[in-house]
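Participant: What follows is a predicted protein model with its sequence.
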Amino acid sequence: MLDLFFISILGNFWVVTYQTIILSISASIIFLVLLFLLRPRIKIADKIAFFEGKYIIKTINRSFFRIYDVKFQLTIKHTYGTPGGKNVRYSRLNLKRGEKLTYPRRPFIEKKCELFEHAVLVSIEDNIREKWTNESDTLEFIVIAKHGLSSFAKIYKVKYDHLGTDIVNGEYKHGNTMEIVVV
């Protein structure tokens with residue numbers, strides 16, 4: 001009789017232990033999925049617009065939460081040959097809006113939105129065509145932002161490889177599109 005009592009206690013112990021382990025692993029997986037979802041999502045245009053003497057890059061906050069502590073950086077990556085290999089030199093270009101404190105969140109219903117504050121145009125003060133001298137040079141546009149709810153940071157980077165096709169004469173269309181309208 002006493003043996004059956006200990007067997008039932010040990011059996012319940014292992015059942016509870018397995019349940020605890022499975023629930024802990026499930027909670028960890030759910031937490032990691034939430035962390036993955038709660039990070040900033042930014043879309044950066046793959047073309048640079050040239051309109052009224054200004055170079056402009058469009059960025060859009062695609063997350064449903066605001067993002068803050070947003071920093072923009074545009075550099076030209078010069079590669080040049082040296083004895084024994086190649087070296088890289090970075091030159092930073094001046095941006096009119098190098099930092100932005102906060103982006104509003106993306107609207108839930110985009111068709112009802114008239115003012116797209118979550119889409120920001122970043123203006124470049126320097127003349128890219130004067131600074132981009134070699135075909136081996138590339139432009140790198142970097143956006144660093146933090147999520148408004150989780151405070152997780154993410155870095156986004158877009159590389160522009162070809163001066164002739166990556167700069168388009170025109171202006172960006174209003175809204176969530178990255179389309180450039182030739183004017």
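Facilitator: Received, thanks. Numbering: from 1, shown residues only.

Participant: part of a strand, is L139?
Facilitator: Yes: L139 forms part of a strand when assessed by DSSP: H, G, I helix; E, B strand; the rest coil.

Participant: and it, what is it in contact with?
Facilitator: The contact partners of L139, taken as Cβ atoms under 8 Å, 6 or more residues apart in numbering, are I48, L74, T75, I76, K77, L93, I128, W132, K159, Y160, D166. Where C-beta positions appear, they are placed from N, C-alpha and C, glycine not excepted.

Participant: Please produce CSV containing those residues, extended by neighbour count and distance to K86.
Facilitator: Output for these, formatted as CSV (neighbours: other Cβ atoms under 10 Å; distance: Cβ to Cβ, whole Å):
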residue, neighbour count, distance to K86
I48, 22, 25
L74, 24, 22
T75, 15, 17
I76, 20, 16
K77, 14, 11
L93, 18, 22
I128, 18, 23
W132, 21, 18
K159, 12, 17
Y160, 22, 20
D166, 18, 22
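
Participant: Output those in JSON lines; the columns should cover pLDDT and secondary structure.
Facilitator: Output for these, formatted as JSON lines (pLDDT from 0 to 100; DSSP: H, G, I helix; E, B strand; the rest coil):
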{"residue": "I48", "pLDDT": "92", "secondary structure": "strand"}
{"residue": "L74", "pLDDT": "93", "secondary structure": "strand"}
{"residue": "T75", "pLDDT": "93", "secondary structure": "strand"}
{"residue": "I76", "pLDDT": "92", "secondary structure": "strand"}
{"residue": "K77", "pLDDT": "90", "secondary structure": "strand"}
{"residue": "L93", "pLDDT": "90", "secondary structure": "strand"}
{"residue": "I128", "pLDDT": "88", "secondary structure": "helix"}
{"residue": "W132", "pLDDT": "84", "secondary structure": "coil"}
{"residue": "K159", "pLDDT": "94", "secondary structure": "strand"}
{"residue": "Y160", "pLDDT": "92", "secondary structure": "strand"}
{"residue": "D166", "pLDDT": "89", "secondary structure": "helix"}
